[in-house]
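Trainee: pasting the sequence and the predicted coordinates here, then a few questions.
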Amino acid sequence: MSTLPAGYRTVAVPSDRVMDYRHVDELAFATTSDPEIDAVAPFPVPTDRLMAVEGPDGAYVAVHGSYEFRMPVPGGAVPCAGLTWVGVRPDHRRRGLLTSMIGTHVERSLGRGEPVSALFAAEAGIYGRFGYGSASDEVRLTLRRRAALRPVAGSDALTVRVRRATPEDVALAAELDARAAAGRPGWMPRATPPLQARMVADPPAWRNGGEPLVIVTVHDGDDVRGLALFRRKEAWGDGGAEYTAAVRQASAVDAAATHRLWSFLLDLDLTTSVETPALPVDDALLQLLVDLRPTRRRVGDNLWVRVLDLPAALTARRYARPADLVLDVTDALLPANAGRWRLTVDATGTAEVSRTDAAADVALDVRELGALYLGGRSARALATAGLAAGAPAELDRLTATFVSPLAPVCPWIF
Ligand SMILES: CC(=O)SCCNC(=O)CCNC(=O)[C@H](O)C(C)(C)COP(=O)(O)OP(=O)(O)OC[C@H]1O[C@@H](n2cnc3c(N)ncnc32)[C@H](O)[C@@H]1OP(=O)(O)O
């Protein structure tokens, strides 16, 4: 599957060449490694999941890696290869190295028993051709200070505490993140120490002129029910203070804690605006705001999902209702996924998937199956763009079967 131009070869990256790997990404992304950052936020991708392409002179010219995730899906979690740190040295681009690396990634992921891959795309035009579908959106808000929230019972009884964040806050940040996730599809757990360290890491290079990271916690007696990490940036205009507060993480376990947390963040002295982290498009904050109109909203693509092993992927999640559907799938990269599949879902939401010769209810490419996989897209909407084919009733049956009650999102970029 992986075809490289003559003179290039695919190699695993030994631990003594991780810096060579990183140098390729630095040239591809116009960044540089910084020992001060590495000291608090070590390189997070496991070495045994790093791959490189060597050029004719033996130097690394293209790299990719992956995380070993258990991606939350409706009703469960699926082993997922989180493709990451993909880069091709600018003098070796557009000669098929990424295409070859995707082949390597797919083979290795399937070999490890990972039926799904997911990623954040550096540019939206890159990954669709390889069968990744845009499966979730995120929204980032810029809120005015004192934006009003609808009342929530119990919020006023909760207390808040504020202090500088420290590396020791990592356990609390990870715990609150996991509790706030509440099974939302796509919300990747940060399961390894290097990924968790990044939650609270605060090297000066990441401060963008702002203060060191601050942590605010919401308490019900001794119980911590919410947490936010944020930093303010000093600014003075003709009218006085114009600070902005950028929130890195805002996690709360219920509506009252959510209300208390955002009430605090929305009324910080000296600030005029508050920037949220990536939120799901149905986040509680959007429901609580009395008036969304003055709020700047930027919606962007979030996770891209690639179904690698169709029967394993489709049986790894639960479904919203019983169903008997025949899907006719095309997959130019992985012919084992192509053809007609019967998806039967029982009353518990558990699916069986088998080959069939029966007539298809819906025809679609594996890219669109990836888009639907987390339950955040509509088959009928895809069909309006010519990306799925079927009678409206069958398309709606597919959507109603796949739908997630909560919009999928991954709140952190990997
Ligand atoms: C999950 C992540 O890590 S996302 C990070 C991706 N990395 C970056 O964005 C860093 C900067 N860019 C790069 O390193 C490289 O340009 C890459 C990785 C995006 C592409 O690598 P290349 O080796 O040039 O890709 P390759 O030659 O295999 O191209 C395959 C096809 O994708 C297309 N393509 C490649 N990059 C892009 C892009 N940025 N936008 C749109 N199309 C693209 C090519 O034109 C080609 O199309 P074709 O088959 O119709 O001719």
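Mentor: Arrived safely.

Trainee: the longest helix belonging to the chain - contacts with which helices or strands?
Mentor: The longest helix of the chain (DSSP state H) is helix 97-111. Under the contact criterion of 3 or more C-beta pairs under 8 Å, 6 or more residues apart in numbering; DSSP states H and E, helix 97-111 touches strand 9-12, strand 50-54, strand 60-73, strand 76-88, strand 116-119. All C-beta spots, glycine's among them, are computed from the backbone N, C-alpha and C.

Trainee: what's whatever helix or strand comes next after the last one in contact with?
Mentor: On the C-terminal side of strand 116-119, the closest following helix or strand by DSSP states H and E is strand 133-134. Identification of contacts with strand 133-134 by C-beta atoms under 8 Å, 6 or more residues apart in numbering yields 124, 128, 301, 303-306, 366-373.

Trainee: sheet-wise, list the partners of strand 133-134 with their directions.
Mentor: Here strand 133-134 has these sheet partners by DSSP bridges: strand 304-307 (antiparallel).

Trainee: separation between the closest residue to Asp282 other than its chain neighbours and the ligand?
Mentor: Among residues not flanking Asp282 along the chain, Ala407 sits closest, at 4.5 Å (C-beta to C-beta, 6 or more residues apart in numbering). Noted for Ala407: a distance of 22 Å to the ligand, by C-beta to the nearest ligand atom, to the nearest Å.

Trainee: who touches Ala407 in this structure?
Mentor: Ala407 neighbours (C-beta under 8 Å, 6+ apart): Ser136, Asp137, Arg184, Pro280, Val281, Asp282, Gly376.

Trainee: how far away is it from Leu364?
Mentor: Relative to Leu364, Ala407 is positioned 21 Å away (C-beta to C-beta, to the nearest Å).

Trainee: over to Pro5?
Mentor: Applying C-beta to C-beta to Pro5 and Leu364 gives a distance of 33 Å.

Trainee: now do stretch 369-389: everything it contacts.
Mentor: Here stretch 369-389 has contacts from 73-74, 116, 131-137, 185-186, 303-307, 310, 313, 317, 320, 327, 329, 362-365, 368, 390, 392, 395-396, 398-399, 402-404, 407-408, using C-beta under 8 Å, 6+ apart.

Trainee: around the ligand, pick out the residues from this protein.
Mentor: 28-29, 83-88, 93-99, 119-123, 125-126, 129 (C-beta under 6 Å from any ligand atom).

Trainee: repeat that with 5 Å
Mentor: 28, 83, 86-88, 93-94, 96-99, 119, 122-123, 125-126 (C-beta under 5 Å from any ligand atom).

Trainee: can you pull out the helices in the stretch 201-350 of the chain?
Mentor: 255-265, 284-288, 310-315 (DSSP state H, counting those that start in this stretch).

Trainee: mean neighbour count, the ones you listed: which tops it?
Mentor: A comparison of the helices of the stretch 201-350 of the chain by mean neighbour count, using mean count of other C-beta atoms under 10 Å, puts helix 255-265 on top with a mean of 23.

Trainee: average pLDDT for that helix?
Mentor: Across helix 255-265, pLDDT averages out at 98.

Trainee: re earlier: the residues of the chain next to the ligand, buried ones only, as a PyMOL selection?
Mentor: Selection of the buried residues among the residues of the chain next to the ligand in PyMOL, burial being defined by 16 or more other C-beta atoms under 10 Å:
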select buried, resi 28+83+86+87+88+96+97+98+119
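
Trainee: and for Val281, the neighbour number?
Mentor: A count of neighbours around Val281, defined by other C-beta atoms under 10 Å, yields 16.

Trainee: which ones are touching it?
Mentor: Contacts of Val281 (C-beta under 8 Å, 6+ apart): Asp137, Glu138, Val139, Val299, Ala407, Val409.

Trainee: before we move on, what about Pro204?
Mentor: Listed by C-beta under 8 Å, 6+ apart, the contact set of Pro204 reads Glu36.

Trainee: measure it to Ala12 for me?
Mentor: For Pro204 relative to Ala12 (C-beta to C-beta), the value is 35 Å.

Trainee: kindly report the same for Ala180.
Mentor: For Ala180, the distance to Ala12 - C-beta to C-beta - is 37 Å.

Trainee: and these two? Which one has more around it.
Mentor: Taking neighbours as other C-beta under 10 Å, Ala180 and Ala12 compare with Ala180 leading, 21 against 12.

Trainee: shouldn't Ala148 be in contact with Val290?
Mentor: Yes: with contact defined as C-beta atoms under 8 Å, Ala148 reaches Val290; the gap is 4.2 Å.

Trainee: quick one: which of these two has more around it?
Mentor: Ala148 (12 against 9).

Trainee: and that one, how close does it get to Arg260?
Mentor: In terms of C-beta to C-beta, Ala148 sits 15 Å off from Arg260.

Trainee: domain parsing for this structure?
Mentor: Following automatic domain parsing, one gets these domains for the chain: 9-114, 139-299, 312-363+384-402.

Trainee: what comes up buried for stretch 363-381?
Mentor: Going by 16+ other C-beta under 10 Å, stretch 363-381 has these buried residues: 363-380.

Trainee: for that stretch, what is the average pLDDT?
Mentor: 98.

Trainee: same check on stretch 81-90?
Mentor: Here the average pLDDT along stretch 81-90 is 98.

Trainee: what residues does that stretch touch?
Mentor: 21, 24-25, 27-29, 45, 50, 55, 60-69, 71, 97-98, 101, 105, 108-109, 112, 114, 116-120, 122, 188, 308, 414.

Trainee: can you do 6 Å?
Mentor: 24-25, 27-28, 45, 61-67, 69, 97-98, 105, 109, 114, 117-119, 414 (C-beta atoms under 6 Å, 6 or more residues apart in numbering).

Trainee: and it, how far from the chain's centre?
Mentor: From the chain centre to the centre of stretch 81-90 is a distance of 15 Å (C-alpha atoms, centre = their mean, to the nearest Å).

Trainee: sitting in helices, which of the buried residues of stretch 363-381 do you find?
Mentor: Using DSSP H, the buried residues of stretch 363-381 in helices are Val366, Arg367, Glu368, Leu369, Gly370, Ala371, Leu372, Ala379, Arg380.

Trainee: want to throw the residues you listed into CSV with distance to Val216?
Mentor: Listed next are these as CSV, based on distance: C-beta to C-beta, whole Å:
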residue, distance to Val216
Val366, 43
Arg367, 41
Glu368, 41
Leu369, 41
Gly370, 37
Ala371, 36
Leu372, 38
Ala379, 42
Arg380, 42
